[in-house]
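J.: Quick one: sequence plus predicted model below, questions after.
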Amino acid sequence: MPLRAVCASSLKTFMARRAEGEPSDFSTALIIPIHVQLYWSSDIKEVAKKCDFSQSLVLFFLPISLFTSPAKKEQDGGDDKKQMQKKKVKELKILDSKASQNLSIFLGSFRLPYEEIKNAILEVNEKILTESMVQNLVKQLPASEQLSVLAEMKDEYDDLAESEQFGVVMSSVKRLMPRLQAILFKLQFEEQLNNIKPDVVSVTAACEELRESQSFSKLLQIILLVGNYMNAGSRNGKAFGFSVSYLCKVRDTKSADLKQTLLHFLADVCQEQYPDVMSFPDELIHVEKASRVSAETIQKNLEQMGRQIKNLEKDLETFPPPQNDKDLFVKKMSSFVVSAHEQYEKLDLMHKNMEKQYVDLGDYFVFDPRKISVEEFFGDLNTFKTMFQQAVKENQKRKEAEEKIKRAKLAREKAEKEKEEKLKKNQLLDINAEGDETGIMDGLLEALQSGAAFRRKRGPRQADSIVSLSQLVLETCSPTTDELVMQ
């Protein structure tokens with residue numbers, strides 16, 4: 001059949017299948033509509049004459065039959081039966097459906113051959129065995145009884161479901177569950193260590209900081225002094241000390257005008273009269289971290305770590321010999337358990353020192369460490385430290401606001417004073433002006449009556465002078481002395 005006929009036939013089949021609503025397979029999805037201008041729609045008779053591609057096309061498109069529906073195939077009915085058998089779901093023989101489904105999901109997420117997983121367990125290969133993977137293995141693996149039954153079904157391996165096939169492979173590993181638990185402990189050990197150690201260090205350091213802080217000690221003395229002064233005359237007026245928990249209640253006592261609290265007053269007193277006390281927050285830097293530490297949790301985690309190390313040591317003593325050359329469990333875990341034991345001993349000593357420091361702190365501040373937990377004690381201290389720092393900031397804002405109001409008041413008073421002085425000055429100028437006019441007339445009359453005006457000689461003109469003005473008037477308005485004498 002010529003190539004063009006083959007193409008036309010294929011297109012007809014494709015369009016017919018599209019019309020019938022059948023989904024197109026992978027190959028037909030690549031066919032595009034043929035337009036007149038398209039290169040592929042041009043006449044290729046010359047190529048078709050030289051060679052018939054019909055047989056080649058049949059061979060080329062043969063693999064496409066794998067993607068087509070079995071109902072369309074008519075060549076070999078036996079192949080269809082084999083395909084159906086492969087697709088047939090294998091029935092579970094040992095595991096229940098839920099356990100099998102969970103295990104299948106887990107295996108599908110890693111996509112590793114079962115033998116490779118088995119060898120990774122034997123070799124303790126941490127490149128393959130992640131913490132998450134081992135946790136899921138411990139959780140999803142069939143019970144030991146089921147593994148024992150699956151171990152006897154090796155001959156039926158091909159007939160088993162995938163989850164049961166995995167169980168058959170894993171059943172060949174001796175003491176599988178103890179191995180997995182030991183490997184998981186090894187993978188988690190460093191994280192457990194890093195979770196416990198910083199908390200122990202924080203509490204120990206916080207205890208030492210409280211004992212050595214001179215500024216905090218003086219602050220407590222100031223609070224005690226103020227408390228005794230306020231309670232003077234009552235049974236609490238001669239106290240020798242107070243509970244640390246009282247520090248958080250200082251803010252509850254308010255001033256008479258309700259504008260300040262006792263905490264603000266203390267912060268103000270310390271800032272003005274005892275400036276060295278203001279450094280106590282910087283001397284208690286580990287208090288915040290210690291306030292988030294649970295001594296009970298530390299104790300439980302340490303006990304669990306100790307039990308895991310002991311169990312691993314016992315398991316290694318009774319562990320069977322390596323089952324093959326790939327079995328490196330005993331070798332690697334023996335080396336690990338020695339290192340883990342040493343680190344655990346050091347951490348345990350640090351924890352005991354932390355407990356001793358806290359007991360000594362209870363004696364120093366007079367409280368029962370058995371009744372007041374580490375978290376509660378340092379939580380109160382951290383709360384007070386935060387409140388004190390906040391009170392200092394609020395005092396500063398209040399002082400700035402008061403200073404601003406004071407400056408505004410002074411500026412207003414100054415402006416009012418300047419306004420009053422200017423007004424008085426203007427009034428005085430008005431009075432002086434009226435007085436000057438009256439004085440000039442009085443002077444002229446007096447000079448005329450006494451004759452003094454006639455005895456004065458003309459002199460140089462003096463501006464802005466009352467005398468000069470009077471002389472000028474007399475000279476212009478009065479006759480000369482000689483004329484008066486002649487008359």
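T.: Structure's in. What do you need?
J.: all helices for the stretch 301-450 of the chain, in order.
T.: Per DSSP state H, counting those that start in this stretch, the stretch 301-450 of the chain carries helices over the ranges 329-365, 374-450.
J.: Export these to CSV and append columns for distance to residue 287, mean pLDDT and mean neighbour count.
T.: C-beta here means a position set from N, CA and C on the backbone, and glycine is covered the same way. Putting the helices of the stretch 301-450 of the chain into CSV (distance: least, Cβ to Cβ, whole Å; pLDDT from 0 to 100; neighbours: other Cβ atoms under 10 Å) gives the following:
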stretch, distance to residue 287, mean pLDDT, mean neighbour count
helix 329-365, 12, 96, 16
helix 374-450, 5, 82, 13
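J.: Among these, which comes closest to residue 131?
T.: For residue 131, the closest of the helices of the stretch 301-450 of the chain is helix 329-365, at 14.9 Å, according to Cβ to Cβ.
J.: elements contacting the closest one?
T.: Helices and strands touching helix 329-365, by 3 or more Cβ pairs under 8 Å, 6 or more residues apart in numbering; DSSP states H and E, are helix 176-212, helix 295-318.
J.: follow-up on the earlier one: export the helices of the stretch 301-450 of the chain to a markdown table and tack on distance to residue 258?
T.: As requested, the helices of the stretch 301-450 of the chain are arranged in a markdown table below (distance: least, Cβ to Cβ, whole Å):
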| stretch | distance to residue 258 |
| --- | --- |
| helix 329-365 | 32 |
| helix 374-450 | 14 |
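J.: in the stretch 51-200 of the chain, which segments are predicted with low confidence?
T.: Residues of the stretch 51-200 of the chain meeting the criterion pLDDT under 70: 51-89.
J.: So for stretch 158-178, first residue to last residue, what's the gap.
T.: Separation of the first and last residues of stretch 158-178 by Cα to Cα, to the nearest Å is 29 Å.
J.: which residues sit against it?
T.: If you take Cβ atoms under 8 Å, 6 or more residues apart in numbering as the criterion, stretch 158-178 is touched by 89-95, 99-101, 103-104, 107, 114-115, 117-118, 121-122, 138, 141-142, 144, 146-148, 150-151, 153-154, 157, 179, 315, 319-320, 323.
J.: do that again at 6 Å, thanks
T.: 90, 92, 94-95, 100, 103-104, 107, 114, 118, 121, 142, 147, 150-151, 154, 157, 315, 320, 323 (Cβ atoms under 6 Å, 6 or more residues apart in numbering).
J.: With stretch 375-387 instead?
T.: So stretch 375-387 is in contact with 206, 244, 245, 247, 248, 251, 281, 287, 288, 290, 291, 294, going by Cβ under 6 Å, 6+ apart.
J.: Now do the last one: how many residues are near it, please.
T.: A total of 13 residues lie near residue 294 under the criterion other Cβ atoms under 10 Å.
J.: In contact with it, which residues?
T.: Residues residue 375 are the ones in contact with residue 294 under the rule Cβ under 6 Å, 6+ apart.
J.: are any of the contacts of stretch 158-178 buried, and which?
T.: 94, 95, 100, 103, 104, 107, 118, 121, 142, 147, 150, 315 (16 or more other Cβ atoms under 10 Å).
J.: Check which helices and strands whatever helix or strand the third one lives in is in contact with.
T.: Same thing as residue 100. With the criterion set as DSSP states H and E, the secondary-structure element containing residue 100 is helix 97-110. The elements that helix 97-110 packs onto, with contact taken as 3 or more Cβ pairs under 6 Å, 6 or more residues apart in numbering; DSSP states H and E, are helix 131-140, helix 162-170.
J.: Okay, buried residues for the last one please.
T.: In other words, helix 162-170. Neighbour counts over helix 162-170 (16+ other Cβ under 10 Å) mark 163, 164, 165, 166, 167, 168, 169, 170 as buried.
J.: about what we covered before: tell me which of the helices and strands packed on helix 97-110 sits nearest to residue 374.
T.: Taking Cβ to Cβ as the criterion, helix 131-140 is the member of the helices and strands packed on helix 97-110 that comes nearest to residue 374, at 29.6 Å.
J.: what packs against that closest one?
T.: With contacts defined as 3+ Cβ pairs under 6 Å, 6+ apart, the secondary structure elements packing on helix 131-140 are helix 97-110, helix 176-212.
J.: C-alpha coordinates for that helix, PDB please?
T.: These are the backbone C-alpha positions of helix 131-140, laid out as PDB (Å, rounded to 0.1, in the frame of the first residue of the first chain):
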ATOM      1  CA  GLU A 131      15.600   8.200  60.100                       C
ATOM      2  CA  SER A 132      12.200   8.600  58.400                       C
ATOM      3  CA  MET A 133      12.700   5.300  56.400                       C
ATOM      4  CA  VAL A 134      13.600   3.300  59.500                       C
ATOM      5  CA  GLN A 135      10.700   4.700  61.500                       C
ATOM      6  CA  ASN A 136       8.300   3.600  58.700                       C
ATOM      7  CA  LEU A 137       9.900   0.200  58.500                       C
ATOM      8  CA  VAL A 138       9.500  -0.300  62.200                       C
ATOM      9  CA  LYS A 139       5.900   0.800  61.900                       C
ATOM     10  CA  GLN A 140       4.900  -0.900  58.700                       C
END
